[in-house]
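S.K.: Please find the sequence and the predicted model below.
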Protein chains: 4
Amino acid sequence: MIPITATLNFASDNWAGAHPAISKRLLEASAGFSAPYGASALDRQIEQRFNELFEREVAVYFVSTGTAANSLALAAVNRPGGVSFCHREAHMLEDECGAPEFFTHGARLAPVDGENGKIEPGHLKAEIERFPPDFIHAGQPMAISITQATEIGTLYQTDEIAAIAEIAKAYRLPLHMDGARFANALVALDLTPAEMTWKQGVDIVSFGATKNGCWCAEALIFMNPELARDLPFIRKRAAQLFSKSRFIACQFEAYLQDELWLQLARHANTMAERLREGIVKSKQARIAWHPEANEVFCILDKSHADLLRENGAVFYQWNPPRANPVLLDQHEVLIRLVTSFATEAEHVDCLLELLG
Amino acid sequence: MIPITATLNFASDNWAGAHPAISKRLLEASAGFSAPYGASALDRQIEQRFNELFEREVAVYFVSTGTAANSLALAAVNRPGGVSFCHREAHMLEDECGAPEFFTHGARLAPVDGENGKIEPGHLKAEIERFPPDFIHAGQPMAISITQATEIGTLYQTDEIAAIAEIAKAYRLPLHMDGARFANALVALDLTPAEMTWKQGVDIVSFGATKNGCWCAEALIFMNPELARDLPFIRKRAAQLFSKSRFIACQFEAYLQDELWLQLARHANTMAERLREGIVKSKQARIAWHPEANEVFCILDKSHADLLRENGAVFYQWNPPRANPVLLDQHEVLIRLVTSFATEAEHVDCLLELLG
Amino acid sequence: MIPITATLNFASDNWAGAHPAISKRLLEASAGFSAPYGASALDRQIEQRFNELFEREVAVYFVSTGTAANSLALAAVNRPGGVSFCHREAHMLEDECGAPEFFTHGARLAPVDGENGKIEPGHLKAEIERFPPDFIHAGQPMAISITQATEIGTLYQTDEIAAIAEIAKAYRLPLHMDGARFANALVALDLTPAEMTWKQGVDIVSFGATKNGCWCAEALIFMNPELARDLPFIRKRAAQLFSKSRFIACQFEAYLQDELWLQLARHANTMAERLREGIVKSKQARIAWHPEANEVFCILDKSHADLLRENGAVFYQWNPPRANPVLLDQHEVLIRLVTSFATEAEHVDCLLELLG
Amino acid sequence: MIPITATLNFASDNWAGAHPAISKRLLEASAGFSAPYGASALDRQIEQRFNELFEREVAVYFVSTGTAANSLALAAVNRPGGVSFCHREAHMLEDECGAPEFFTHGARLAPVDGENGKIEPGHLKAEIERFPPDFIHAGQPMAISITQATEIGTLYQTDEIAAIAEIAKAYRLPLHMDGARFANALVALDLTPAEMTWKQGVDIVSFGATKNGCWCAEALIFMNPELARDLPFIRKRAAQLFSKSRFIACQFEAYLQDELWLQLARHANTMAERLREGIVKSKQARIAWHPEANEVFCILDKSHADLLRENGAVFYQWNPPRANPVLLDQHEVLIRLVTSFATEAEHVDCLLELLG
């Protein structure tokens, strides 16, 4: 029925390859000589493109991975004894092998609770209050980081971002947004980049493009370039300055051209919605919580999960988040299904068919 | 005469783009789903390819930049109060913004003198002896690093590598080779990778492919996988583990296939030799020291250097290395001319013609 | 009634001064010349004294603070992406301004829950299991640390230490004991140093003497000297090697002589017991949980706490530990009363009298 | 003749013990309770004392070792990719096991040449110029550090300090003074602390008292408290905040009272002068270079050095500094003789007698 098992792939959007438009641009850009280390005309042009995108003059730094973007964001605002606040399930806390701590020479990440993968402002404030300014023994607050879309496929609404930004301002803390799935969030909320970020008070963005069709393109964006004063040194020293930087730039060129990035994200989200609808109708599975971007979490019988796998489906079983208690009976499991630009409707339908 | 100035480009091999064979392979590899973070079949296959290349089972880690490769090599063998020995003009000492110190949490690089860009064994031994094992105040030796080809386009002969390796063994220090221009050295010396490395006693290699036709492909090779025991954690934590790692792998696939890499390096070296021959015949310039790979250093009148630039030539003026005193009269400058896979014979001839 | 308010001091055992026997020894030791940096005869002699004390050959390193001892203990067993497990209320987690993270270059402290200030083995195991050996994204377990006596004045019984040590062994993790109040625990449990540490499986001890009558004497003890192989470099590099180290040694000399340290600790514990008994009889206050060493936590009306302060009592109000829910009505506060070698029975009685 | 060999001790001023006045003060201060962590009345009082001493409001931080003072000075002004300039023979470069690199997370120390142990301004400027502001690959200048008295017992005159400070100002770099032998320099030059430091442009001082009669008292002084804004966190996190900090304060109290510190330093210097005069007259030894504080370097036959040792003299043989070539014939050695507050005239005379 499904001849090539790999196409039933819902493991993660980073299992997808690269969108052909991006690969073709890379091929076209292969020839010729250009200034290295980010000094080429194309690098400058793409930096300018980000200014337009964000409707203000921003500082842009290309780096190799999302982990690098997140870590250098914190490194830029580092303080001795610093503590950064992020959601308990945040990628930077759970899945980056301590890179944020490494790049900040040991600044701490403090987990903050909140339902649906989102920091709850009251909890955030309570956590920050644990570090009174004059009590050096505990350390000092340094930054707040939110993830958009979150690790569990939910979204901060603009007012939710603004509420966190208000706390950030009150405590004079920079607000960072981990945008590994920035585009998916943007199209789901139907916002502009400016509206989803600095207009709500976000100061720094990890602008991810790898998961959404590039093969390696991550940018670190500072709304206030002054905050990035030392970033050129931080990035070079962190071994994140590509000599042939223009090949990152040209991925972004193709990615941002003619709204390709938004189309790809819309497609991924649509596929997730198709999945959700199918699961709602299915008798074998039920939605764990409402998916808002390109990740669908559902609960099904372990035997059905096995059946999916036997038919070539690829996906991860997931531990229920602490703040989103899902009641699993003892035969059930929670699984995560991620869609991407490369997911096709027939993949989704095939999976749903298997679910019965 | 030369319509497009960019083609008279001798600034550095990292100003070149990517070889079409490599870009095409990237395009072909764009489709489909693969396990991320180095776990794909292609990643495994290329790791196996390196085993063949080095004629032994090696540990291979892809990273984003040469600086990352060098820094993680040292991080893998890090010791508190550690001191690594490299040539005074080494890239890791002069041009990496302290990345080796950053990734090793402050281990020190000790400069060692030597003519022709190469560590002189007597000086090396004397420097190491400054750190007697029981004198904790000075710190402790940690590693030795050599660069092949060197920063000034010269080469360590096998017996020179072996002589340094002997010292490394005597003091139980791992020997690292910064191979940003590994291929250029290899074809110039007509050696196999094994002969140029572990057969002489090299333990770790930064295997660079970016300068020789890839757009971003650097591998860290450990001859003894046990030495790399913690590297998976070190690399992830250093934000150097690509999610779509297979696109690095596929660059290496094309690079290593049918000896493409050796052809590209041979071409670059041939172009350098063509340059050298022309300069020797020129009345306006003279060779500063004998070029052995793909970098030619020559001395010429400042006014001639300006003339070259006015005609579109791109290159760097260079500070005379301390250990290679070149007598410049007050009107003269030392310049560096780097050739690459992308340098064409007519570029060289055109430059020589300008030199008269 | 109590003329000098400072003597009603129950703030912390580090508010006390130094025991006269220790200060006198310092005075006697002032004259003469000795090898610096821990190489004097007295340093060697005290190291030997610790061998006797622990009934085995241990490695001993004097450092300046308890924070230094704890941090260097972790630094000695550091791993990239490392995670150390300690109780949620542990001093190293709550009160050292991120020093453990600093000295380990960003290794993480993972909080483990447990009642009465003690790690609960089941929770510990569950936390460790969150770091499967092959999942590099999460990091890797590195060490376990327990505090004896705990931050809230309770004690691990030998079988409780052994239970944690068993888990440590199973996962091949070194077990560290923060012994800032080592002596108080030892006399309360009536154990020998060997019985309270390595005989239960403890590998490293922060042996604190400052809180118990020295003015500055902390030792880091490794049961297996091989584990401390790099410690001489780690300590020197951490700026923790005193030039006139013998003055730390001579504090320990006086401290350990004729069981002075045990007498001082017994006295402090006896004072705490006297406090406890008084509070049990008091109508104004009640014990929050059973005190086992030299810290008494009690609950009283806020107005009574104010009254104590007005009469010169010095102590800290305390946030109820998460794992030890104490029901405070809205007029009540939890306070901590710490006794030390310098606490006198009449201080205690005076405080109790104020409590009515 | 000399019954107790230890008294012929010229190894280093840190082989001396503590001056009785200081030990007595420690004994007197033993009793009672005081706020810990630098918050006691005595701590405050001594901070005020330093304001008077330096004739301005300074920020004062007690730390445990000279290495800590130097390292935290650099940590306070740390920058990514930072490079600090110090003399090639500086203690922080040669004898601190990389502590400055550790506390600055890998900022580099760049050696600057200069005769007589002093940075030569021309060399300093040339070294700084190697780091052009926009060339990120090399890193960025961060601080300048001078040692007063120098490692080889010489002194910067005020105009020499001012000349270096002028360069520091020109490049906007803070100027640090390692004052491990601050008092010896001060009395030799007959200056006030203000005259020797900020009046010439010094910004930060490691104010050492340990070598001059305390047993452990080092203070880090910032002329501009704003520069030390994060120091409370840096120090705590560096495990350098003593709980019983008042015992450092009380050492300084006795040290600074009635000019004790100046008397002790004068005595040490006088003993060095006595040594120098004797050596000048001696036939067996000659002065290597003119001693200006409390260290005398002299050249003598190896057999005479052995004779001294056989008679109980303790001292170090020294490697000739690169910038101070001393011609040793093959039977000769260079030795260092250090005097201190504890050196007695008869020790000196006895040594001179042995020299014949």
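M.R.: Arrived safely, thanks for sending.

S.K.: in the stretch 151-300 of chain A, what residue is nearest chain D?
M.R.: Proximity of the stretch 151-300 of chain A to chain D (CB to the nearest CB) peaks at residue A:233, 3.9 Å away. For the C-beta atoms, the positions are set from N, CA and C on the backbone; glycine is no exception.

S.K.: next one: the helix or strand in which that residue is found to chain centre, how far?
M.R.: Element membership for residue A:233 (DSSP states H and E) is helix A:231-237. Relative to the chain's own centre, helix A:231-237 is displaced by 22 Å; criterion: CA atoms, centre = their mean, to the nearest Å.

S.K.: In this structure residue A:333 contacts residue A:303, no?
M.R.: No. Counting by CB atoms under 8 Å, residue A:333 sits too far from residue A:303 to count as a contact (9.8 Å).

S.K.: wait, residue A:323 sits on residue A:119?
M.R.: No. Between residue A:323 and residue A:119 there is no contact under CB under 8 Å: 10.2 Å.

S.K.: Show me which of those two is the more surrounded one.
M.R.: residue A:119 (27 against 18; other CB atoms under 10 Å in any protein chain shown).

S.K.: Return the residues in contact with the more buried one.
M.R.: Contacts for residue A:119 (CB atoms under 8 Å, 6 or more residues apart in numbering or on different chains) come out as A:85-87, A:112, A:144, A:146, A:164.

S.K.: Any of those buried? List them.
M.R.: Buried residues within these, counting neighbours by 16 or more other CB atoms under 10 Å in any protein chain shown: A:85-87, A:112, A:144, A:146, A:164.

S.K.: Now do the helices in the stretch 51-200 of chain A.
M.R.: A:66-76, A:91-94, A:99-103, A:121-129, A:158-170, A:182-189, A:193-196 (DSSP state H, counting those that start in this stretch).

S.K.: What residues sit buried inside the longest one?
M.R.: What it means is helix A:158-170. A:160-161, A:163-165, A:167-168.

S.K.: cool, and the second one?
M.R.: Neighbour counts using 16+ other CB under 10 Å place A:91-94 of helix A:91-94 among the buried residues.

S.K.: just these now: which is nearest chain C?
M.R.: Distances from chain C to the buried residues of helix A:91-94, taken by CB to the nearest CB, are shortest for residue A:94, at 6.8 Å.

S.K.: Could I get the contacting residues of the closest one?
M.R.: A:151, C:137-138.

S.K.: So which bits of the stretch 151-300 of chain A are right by chain B?
M.R.: Counting by CB under 8 Å from any CB of the partner chain, the residues of the stretch 151-300 of chain A close to chain B are A:210-211, A:215-216, A:233, A:236-244, A:247.

S.K.: picking that back up, how about TSV for the helices of the stretch 51-200 of chain A, with mean pLDDT added?
M.R.: As requested, the helices of the stretch 51-200 of chain A are exported to TSV (pLDDT from 0 to 100):
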stretch	mean pLDDT
helix A:66-76	98
helix A:91-94	97
helix A:99-103	98
helix A:121-129	98
helix A:158-170	98
helix A:182-189	98
helix A:193-196	98
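
S.K.: I'd like those laid out as CSV, including distance to residue D:290.
M.R.: Below are these laid out as CSV (distance: least, CB to CB, whole Å):
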stretch, distance to residue D:290
helix A:66-76, 48
helix A:91-94, 59
helix A:99-103, 49
helix A:121-129, 60
helix A:158-170, 61
helix A:182-189, 68
helix A:193-196, 69
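
S.K.: Of these, which is nearest residue A:341?
M.R.: With CB to CB as the criterion, residue A:341 lies closest to helix A:182-189 of those, at 9.4 Å.

S.K.: quick one: that closest one to chain centroid distance?
M.R.: 10 Å.

S.K.: Could you tell me the angle between that helix and helix A:158-170?
M.R.: 120 degrees (axes from the mean of the first three to the mean of the last three CA atoms, to 10 degrees).

S.K.: and residue A:5, what pLDDT?
M.R.: With respect to pLDDT, residue A:5 scores 48.

S.K.: what's the neighbour count on the residue nearest to residue A:295 when sequence neighbours are not counted?
M.R.: Nearest in space to residue A:295, with sequence neighbours left out and distances taken as CB to CB, 6 or more residues apart in numbering or on different chains, is residue A:153 at 3.0 Å. Using other CB under 10 Å, the number of residues around residue A:153 comes to 28.

S.K.: about what we covered before: which of residue A:333 and residue A:303 has more residues huddled nearby?
M.R.: residue A:333 (17 against 11).

S.K.: would you say residue A:276 is within a helix?
M.R.: Yes. Under DSSP: H, G, I helix; E, B strand; the rest coil, residue A:276 sits within a helix.

S.K.: In contact with it, which residues?
M.R.: A:287, A:290-291, A:296.

S.K.: Who are the contact partners of residue A:56?
M.R.: A:194, A:198, A:223.

S.K.: returning to that earlier point: is chain C contacted by the helix holding residue A:233?
M.R.: No. For helix A:231-237, no contact with chain C is found by CB under 8 Å from any CB; the gap never falls below 14.7 Å.

S.K.: Please work out which residues outside that helix touch it.
M.R.: Under CB under 8 Å, 6+ apart, the answer for helix A:231-237 is A:59, A:61, A:63, A:72, A:75-76, A:220, A:222, A:241, B:67, B:96-99, B:102, D:79-81, D:136-137, D:139-140.
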